[in-house]
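Q: Any chance you could fold what I've pasted below:
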Amino acid sequence: MQQWYDEEFGPTGTLNGGVYADKSYWLCTETWGRLYQNPEQNYPIDLDVYYNSGGFSNGYVPLFIVVGLQNKVYWDNNSSNFRASLRQAIDEMIAEGVYVDKPIEDKILIFGESQDIDVSEVFQDIDGNPVTVTIESNSDSNIATAELNGDILTITANSVPRTSTITLKGTAGEFFDTEEFIITVFDPNSYNIEDWETGDLTKYAWQFSGTSDWFINTSYPYEGTYCTQSSNISSNQSAEIFIDVDYVNDGNLFFWYKVSSEGGYDFFKFYIDGVEKIRMSGVSSWMESSFPISAGSHTFKWRYDKDGSGDSGDDCAWIDKITFEGGTPTGINNEHTPEYTELYQNYPNPFNPNTQITFSLDKADHVRLTVLNHAGQVVNTLVNKNMSKGIHNINFNALNLNSGIYFYTLVTDETTITKKMILIK
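A: Residues are numbered from 1 along each chain as shown. Coordinates of the predicted model:
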């Protein structure tokens, strides 16, 4: 016991250079039970440690413990692997004198982007002494540079899409501690966000399957003006939206979602390459999910499923602010470029109260899209602006209208098209 202790944990240790010798202020004792039975034995701690901690987590007196600064019990167990346990405990201890109080979160930057970080409160000294912060290391300055001016650390991303680890050192007198965080740098062409703020589904090549599509909505966005919502569906039906994304290197996927459904029966689901990752029902507020994504081509699919009967809540799901971190959506929208201007039948039809109106433009044009009642009176103007060439999807919410037959008319500089739809409440 004494030999391996000296080798690995002693100040002049030879195993790994005694790497644990200066890591923290700590005390340890083996066979704690003997101390408990005989407080007169010469151990470096006393029974107050046991009493002040309210006993130990495993409910009985352990064979050994590891105790740190201010008699904090960091590790207590009856495991026979005391050596490994001691290493683990020391790694997790707060250094005497200086410790990390407010860790720095990992950062994500795109080429050329800079970010300032206030490091004045990252480290603290147990006795309130001032702490001097320095840059200990930067694992790869080709990826990101780090400069410290006073309390402000400036990180600047270069044009190399990888990660670098920044290590800061806080020093007060003879004591110090370190804090490290990771800088991830992306090519802006592979850091893509779908927040639906185009007001339609044309930014990326979104595809649909299942019984019904998803549509753009302004009712409950997580942020901004728009989000996307599953279409109104009936029993044993589903609404699916999916997209193919290429990742040159490993990256991540983030998105926000919200559900309002019959709990335990109607579900929001999310899939990566056909493997279900999320299944959610009931009523929720906006929640964020994140997934690490390996390099390669992947398919991401969001789906809302209904069972055989029963409704509850708004009976749908919403998605907002999807971030393809390191990923580039594939399927360029040019493959969907229309050859002529066309107004499509709304879906669903009949509807209550939401329906999606889709039209295509063969060139950039001024567009006016209106909804009229049976008397030809305009009851809602959905679009009145210049729009780009392509396919556009517009959500129409008829919550304030009565049941009946309505007409929707698309007017451009050269074309006027009208179609009929039915609202049933």
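
Q: When you work out contacts or count neighbours from here on, use the C-alpha atoms and nothing else.
A: Will do.

Q: any idea of the pLDDT on the nearest residue to Asp125 once chain neighbours are set aside?
A: Computed as CA to CA, 6 or more residues apart in numbering, the closest residue to Asp125 that is not its neighbour in sequence is Val98, at 4.3 Å. Note for Val98: predicted pLDDT of 87.

Q: wait, what's in contact with Val98?
A: Going by CA atoms under 8 Å, 6 or more residues apart in numbering, Val98 touches Phe123, Gln124, Asp125, Ile126, Val131, Gly170, Thr171, Ala172, Phe175, Phe176, Asp177.

Q: mind running it again at 7 Å?
A: Counting by CA atoms under 7 Å, 6 or more residues apart in numbering, Val98 touches Phe123, Gln124, Asp125, Ile126, Thr171, Ala172, Phe175, Phe176, Asp177.

Q: Please narrow these to those residing in strands.
A: Counted as lying in strands by DSSP state E, out of the contacts of Val98, are Phe123, Gln124, Asp125, Thr171, Ala172, Phe175, Phe176, Asp177.

Q: could you dump those residues to CSV with neighbour count?
A: Below are the ones in strands among the contacts of Val98 laid out as CSV (neighbours: other CA atoms under 10 Å):
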residue, neighbour count
Phe123, 26
Gln124, 23
Asp125, 22
Thr171, 22
Ala172, 20
Phe175, 16
Phe176, 23
Asp177, 22
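
Q: want to throw those into a markdown table with distance to Val248 and pLDDT?
A: Formatted as a markdown table, the ones in strands among the contacts of Val98 follow (distance: CA to CA, whole Å; pLDDT from 0 to 100):
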| residue | distance to Val248 | pLDDT |
| --- | --- | --- |
| Phe123 | 37 | 95 |
| Gln124 | 41 | 92 |
| Asp125 | 44 | 90 |
| Thr171 | 40 | 94 |
| Ala172 | 44 | 90 |
| Phe175 | 43 | 85 |
| Phe176 | 40 | 88 |
| Asp177 | 37 | 89 |
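
Q: just curious, which of those residues is nearest to Lys385?
A: Taking CA to CA as the measure, Lys385 sits nearest to Phe123 out of those, at 54.1 Å.

Q: Near the closest residue to the closest one other than its chain neighbours, how many other residues are there?
A: Sequence neighbours aside, Val100 is the residue nearest to Phe123 in space, at 4.6 Å (criterion: CA to CA, 6+ apart). Number of residues near Val100 (other CA atoms under 10 Å) recorded here: 19.

Q: circling back: save the ones in strands among the contacts of Val98 as TSV, and put in distance to Asn192 too.
A: Below are the ones in strands among the contacts of Val98 laid out as TSV (distance: CA to CA, whole Å):
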residue	distance to Asn192
Phe123	35
Gln124	38
Asp125	42
Thr171	40
Ala172	43
Phe175	44
Phe176	40
Asp177	37
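
Q: okay, now the domains of the chain?
A: Per the record, the chain has its domains at 2-93, 99-186, 190-334, 337-423, by automatic domain parsing.

Q: Pick out the shakiest of those, pLDDT-wise.
A: Among the domains of the chain, domain 2-93 carries the lowest mean pLDDT, at a mean of 50.

Q: Once you drop chain neighbours, what's closest to Val358?
A: Val isn't right for residue 358; it's Thr. Among residues not flanking Thr358 along the chain, Asn393 sits closest, at 4.4 Å (CA to CA, 6+ apart).

Q: Tell me the secondary structure at that neighbour.
A: Following DSSP: H, G, I helix; E, B strand; the rest coil, Asn393 is assigned to strand.

Q: Closest to Asp365 out of the ones in strands among the contacts of Val98?
A: The closest of the ones in strands among the contacts of Val98, once distances to Asp365 are taken by CA to CA, is Phe123, at 58.2 Å.

Q: Enumerate every residue touching the closest one.
A: Val98, Tyr99, Val100, Asp101, Lys102, Val131, Gly170.

Q: switch to 8 Å and redo it
A: Each residue near Phe123 by CA under 8 Å, 6+ apart is listed here: Val98, Tyr99, Val100, Asp101, Lys102, Val131, Val133, Gly170, Asp177.

Q: Please apply the same query to Leu382.
A: Leu382 makes contact with Arg368, Leu369, Thr370, Val371, Ile394, Phe396, according to CA under 8 Å, 6+ apart.

Q: In strands, which of the residues you listed appear?
A: Arg368, Leu369, Thr370, Val371, Ile394, Phe396.

Q: Chain neighbours aside, what residue packs nearest to Met421?
A: Met421 sits nearest to Tyr406 (CA to CA, 6+ apart), 5.4 Å away.

Q: Same check on Pro329?
A: Val245 (4.1 Å).

Q: Just list whatever residues bridge to that neighbour.
A: Val245 forms beta bridges with His298, Pro329, as assigned by DSSP bridges.

Q: pretty sure it contacts Gly326?
A: No. Counting by CA atoms under 8 Å, Val245 does not reach Gly326; the two are 9.7 Å apart.

Q: Check which residues of stretch 228-244 are buried.
A: Residues of stretch 228-244 classed as buried by neighbour count (16 or more other CA atoms under 10 Å): 228-234, 238-244.
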